[in-house]
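**Student:** Fold the following.
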Amino acid sequence: MTDWAARIGWVVGLLLFVALVYWLMREGWKWRGTLQGDLPELPTAPDDPGEPTLTMSGRYHGSTTAGQWLDRIVAHGLGTRSRAELTLTAAGLDVVRPGATDFFVPAAALREARLDKGIAGKVLTEGGLLVVTWEHGDRLIDSGFRSDRAAEHNAWVEALNSMNNTSTTEGAER
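**Tutor:** The predicted model follows:
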């Protein structure tokens, strides 16, 4: 025979425990956003960004503090994973995210690009993630992207790094 009262009690207790854990995770996410409240608003794309150098469709996996691949940034929607359309122009990198906040990284803020294997909450094979380092306010940020066609990553790394070298060289000559 089955003791239905005890079984129902355990099921209700388990459901309450799962709800508590979910609520605590949500509160932690909101608290992290509050702690990162000093991060300025994200820039938007200029009206005329120029001709696209490269375009890519894929996924945005999140942003972290540069060099600290587990320190996720959630302020201003940067922690929200989503589909993404990237467009690189002479003006900078435009990130369009359906269902999430779009943002623009001006060319002067781009620092480097590299292939990596992970960013907060997402680990792939070696070189499976395009990581773009950029400056926002007084903070360096790493943003992780994965193209629908991973073979495009190398072209993006070369284009972003040559763009950074050109702007650094021009700045040094002044």
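
**Student:** And the residue nearest the centre of the chain, how far from Ala159?
**Tutor:** For the chain, the residue sitting closest to the mean C-alpha position, by Cα atoms, centre = their mean, is Gly62 at 2.5 Å. Distance of Gly62 to Ala159, computed by Cβ to Cβ, to the nearest Å: 22 Å. Just so you know, the C-beta spots here come from the backbone N, C-alpha and C atoms, and that holds for glycine as well.

**Student:** thinking again about what came up before, can you list phi and psi of the residue nearest to the centre of the chain for me?
**Tutor:** The phi/psi pair for Gly62 (degrees, to the nearest 10) reads phi 130, psi 180.

**Student:** Output the longest helix belonging to this protein.
**Tutor:** Of all segments of type helix in the chain, defined using DSSP state H, the longest is helix 4-35.

**Student:** Just the mean pLDDT for that helix, thanks.
**Tutor:** Helix 4-35 comes out with an average pLDDT of 91.

**Student:** buried sites along that helix?
**Tutor:** Gly33 (16 or more other Cβ atoms under 10 Å).

**Student:** Ok, stretch 72-85 next?
**Tutor:** Across stretch 72-85, burial judged by 16+ other Cβ under 10 Å covers Arg72, Ile73, Val74, Ala75, His76, Gly77, Leu78, Gly79, Ser82, Ala84.

**Student:** What strands line up against whatever helix or strand Arg146 lives in, and which way round?
**Tutor:** Assigned by DSSP states H and E, Arg146 belongs to strand 139-147. Strand 139-147 sits in its sheet next to strand 54-65 (antiparallel), strand 129-136 (antiparallel), going by DSSP bridges.

**Student:** of these, which approaches Arg111 most closely?
**Tutor:** strand 129-136 (4.3 Å; Cβ to Cβ).

**Student:** Give me the buried positions along the closest one.
**Tutor:** For strand 129-136, the neighbour count (16+ other Cβ under 10 Å) marks Leu129, Leu130, Val131, Val132, Thr133, Trp134, His136 as buried.

**Student:** Return the closest of those residues with respect to Glu112.
**Tutor:** Of all the buried residues of strand 129-136, Glu112 sits closest to Thr133, with 4.8 Å by Cβ to Cβ.

**Student:** Quick check: beta-bridge partners of the closest one?
**Tutor:** Applying DSSP bridges, one finds that Thr133 bridges with Glu112, Asp142.

**Student:** Roughly how far does it sit from Arg114?
**Tutor:** Taking Cβ to Cβ, one finds Thr133 at 8 Å from Arg114.

**Student:** what does Leu93 give?
**Tutor:** 15 Å.

**Student:** Between these two, which has more neighbouring residues?
**Tutor:** Neighbours per residue, other Cβ atoms under 10 Å: of Leu93 and Arg114, the larger number sits with Leu93, 28 against 15.
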